[in-house]
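Visitor: no sequence on this one, just coordinates:
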């Protein structure tokens, strides 16, 4: 048994998908129980430069080698645009192929037609990569929150504009300067209109609304407003009020009969809100379910590998769901392996930063003898704070932050310090720097 | 076609599951294509008080009416504890029933046995509710990130301790006082040991590690340290260094051969990190995939309805995956409905707070005539700031924050203001308060 994949398009994301399927073939085979192979990829120009070198014979300029090829079970549409992507997807479904796509504009425009065709053909259309890159928001709405009436959605769905806004906010840049910077950094396209005017985020908001409320709103009926009119002064006033500005995608269903409130525009939000901490090219979505309460998801919204991560996740799920049907050989869902003896690292081997607090007797030479102990055990100190606890005592609090050290060395140093009668009441808290 | 569910246990979460299945039967039926029914629920005491009144005849004290009942396709184990939960689950799988469970202690202890039995019986064991309540982290690891080598996990997995830590940190309480408060608020149990000593979070960390790395670590091999030794002073020092303290669950695989670093202990983390903003009873997990980059998930980690939300989500997924097999009648995966004409709310009907900025000519009476316009259009002002732009000009910046107002009223007011020659350069940014 094998699942053969065909690509429509071998650009940025297509090359990422090819890379993941090739380099992670063992991992994917383990999870699924059988291999996934890339069979054919449709391109316009066989000789163009590629981000990941295709296998010999992979590329083709003939769509029929992918769409309707009986040897290919899953077609990944990564070419973008409305046509010929729409026609290819409809033909693939008719031919009995499953479809994975990252094409938000197509789904927001022709989603009903495609979903209906898939239902008719009893085939899947998966599109986790179409909204918010690597963030599993489609899956969360379809599956995790399946038992919920979704009350509202609120998100930052476009990395380009969030980067521009972050730069304007933190560095007091004008829109024009921040846009130029984003273009130089490769975060914004030469023609940035679809991003900065809000259309890209509006497509994503339409798709999320379809999953949340069962209704695909038309872009023309939504309030869509971009970020081109924001000025540095507004960010400063926002800060005075305790707000930050974000390009916010909002939809909510006030009651089951509607209407659906759906709007995309710059908004001031409280500086302490989780969404306010989503900066740079990151995306995030807050979903309110009537049973789940608020669920917050954040991560990379774009980029070759984050987007490919979601595309291949969808391929694995389609392969699992449908190949299972035709096979009695069902892999264990989790693939837990037996625990090997030494599989868990001994805590002594951990390499961490440490916060240490002691009570020390305040007399000359104590600090130097303490630092001597650390030095002998290869622990270097990053910061030291000494504070008297009360004027009535000779004991003071000594707080130390270490550089990275082996837990074993640290415990040995602490054991030695414990024997000193000028030290009392040792406390240890580990530090995670997330670097 | 129908999917019949049996419950083992009808406590807090069991009652929540019964409530969701009953009150959302239309929603669930729509999503799935056929109904889900609660058939039987095993309890110890038929006459105990319940959080959601069971249907007549639902409760039973005879386990055989649930486990192995050929009329029940999915067994939800919500009784907790190791036995008889383990025996019931193994028997259900042997009898060909699928299992949904929220029992983290059981899975962390006997997970290998249960997973192997499920694979052997070709049945599913789902456990989204066992880790982090309503947050779809199990699904994210199993499906969304299927194409990733997971490099590390880092999370706040216990709401009780996070509540206590938040109170200690923000209100300078001692551990004992914060614990007492948590007990009074119903967030901590009379015997809080499993929470405050870290065992509950350690079980969850073990399960996440199993999904992430394919290895279920033994609790006895993990470093597990609770929050009982934290003192208010440490929170103060942490703040001086730019940190906050959290009870952190960490695991990482440095290379494919291991060993696995897996530890649970209080840790200082940078105050600006997303995890530092996760307060009160909320849970959160940061997952680093080699392709996806960092994915951050947060939400309610416990409680009757958030946990029930995940249990019923699992039921829907099992029902969909397996009933599909036996039926040619496959519902469309999304259930998008055709767009009705008036389904999208006209933006004029939105009811929002607004930030408005004008340039106004600085002469007596201007502010009062502006506020007069707002008043006539039913818009009340929450804050007003007036700032001169430069000493050389008579024009000043006037910034206004409104209370909630209809967008229609606001646009009418702005149209009227636009006609005044003392006003120039109007800017509007909407405000989301998330209240």
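Guide: That came through, no problem. Keep in mind that this is a model prediction, so the values were computed, not measured. Numbers count the residues shown, from 1 in each chain, chains lettered A, B, ... in the order given.
Visitor: for residue A:109, what are its contacts?
Guide: Taking C-beta atoms under 8 Å, 6 or more residues apart in numbering or on different chains, we find residue A:109 in contact with A:82, A:219. Quick note: C-beta positions are derived from backbone N, CA and C, even for glycine.
Visitor: Spell out which parts of the stretch 51-200 of chain A neighbour chain B.
Guide: A:111-112, A:115-116, A:118-119, A:122, A:124-125, A:128, A:134-136, A:139-140, A:142-149, A:154 (C-beta under 8 Å from any C-beta of the partner chain).
Visitor: So which of those residues belong to helices?
Guide: Per DSSP state H, helices hold the following members of those: A:111-112, A:115-116, A:118-119, A:139.
Visitor: Could I get the phi/psi values of the residue nearest to residue A:344 when sequence neighbours are not counted?
Guide: With sequence-adjacent residues excluded and distances taken as C-beta to C-beta, 6 or more residues apart in numbering or on different chains, residue A:344 is closest to residue B:221, at 4.0 Å. Dihedral pair for residue B:221: phi -100, psi 0, per degrees, to the nearest 10.
Visitor: State the helix or strand in which residue A:235 lies.
Guide: Residue A:235 belongs to helix A:232-240 when assigned by DSSP states H and E.
Visitor: Now do the same contact list for the residue most central in space within chain A.
Guide: Residue closest to the mean C-alpha point of chain A, counted by C-alpha atoms, centre = their mean, is residue A:299 at 2.7 Å. Shown in contact with residue A:299 (C-beta under 8 Å, 6+ apart): A:132-135, A:282-284, A:306, B:292-296.
Visitor: any idea of the pLDDT on it?
Guide: Predicted confidence (pLDDT) for residue A:299: 97.
Visitor: Surely residue A:295 touches residue B:135?
Guide: Yes - contact criterion C-beta atoms under 8 Å: residue A:295 and residue B:135 qualify, at 6.3 Å.
Visitor: Find residues that contact each of those two.
Guide: By C-beta under 8 Å, 6+ apart, the residues touching both residue A:295 and residue B:135 are B:297-299.
Visitor: Looking at those, which are in strands?
Guide: Mapping these onto strands (DSSP state E) picks out B:297-299.
Visitor: Show me which of residue A:295 and residue B:135 is the more surrounded one.
Guide: For the pair residue A:295 and residue B:135, the greater number of neighbours falls to residue B:135 (30 against 26), based on other C-beta atoms under 10 Å in any protein chain shown.
Visitor: which residue packs closest to that one, ignoring adjacent ones?
Guide: residue B:299 (4.4 Å).
Visitor: Point out the other elements, helices or strands, that the helix holding residue A:235 touches.
Guide: Judged by 3 or more C-beta pairs under 8 Å, 6 or more residues apart in numbering or on different chains; DSSP states H and E, the packing partners of helix A:232-240 are helix A:159-171, strand A:243-253, strand B:351-361, strand B:423-431.
Visitor: Using JSON lines, lay out these together with mean neighbour count, mean pLDDT and distance to residue A:416.
Guide: Shown next, in JSON lines, are the helices and strands packed on helix A:232-240 (neighbours: other C-beta atoms under 10 Å in any protein chain shown; pLDDT from 0 to 100; distance: least, C-beta to C-beta, whole Å):
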{"stretch": "helix A:159-171", "mean neighbour count": "23", "mean pLDDT": "95", "distance to residue A:416": "46"}
{"stretch": "strand A:243-253", "mean neighbour count": "24", "mean pLDDT": "93", "distance to residue A:416": "49"}
{"stretch": "strand B:351-361", "mean neighbour count": "19", "mean pLDDT": "90", "distance to residue A:416": "60"}
{"stretch": "strand B:423-431", "mean neighbour count": "17", "mean pLDDT": "88", "distance to residue A:416": "58"}
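Visitor: Run the angle between the helix holding residue A:235 and strand A:243-253 for me.
Guide: Following axes from the mean of the first three to the mean of the last three C-alpha atoms, to 10 degrees, one obtains 80 degrees for the angle between helix A:232-240 and strand A:243-253.
Visitor: so how far is helix A:232-240 from its chain's centroid?
Guide: 29 Å (C-alpha atoms, centre = their mean, to the nearest Å).
Visitor: Flag every buried residue along that helix.
Guide: For helix A:232-240, the neighbour count (16 or more other C-beta atoms under 10 Å in any protein chain shown) marks A:232, A:234-235, A:237-238 as buried.
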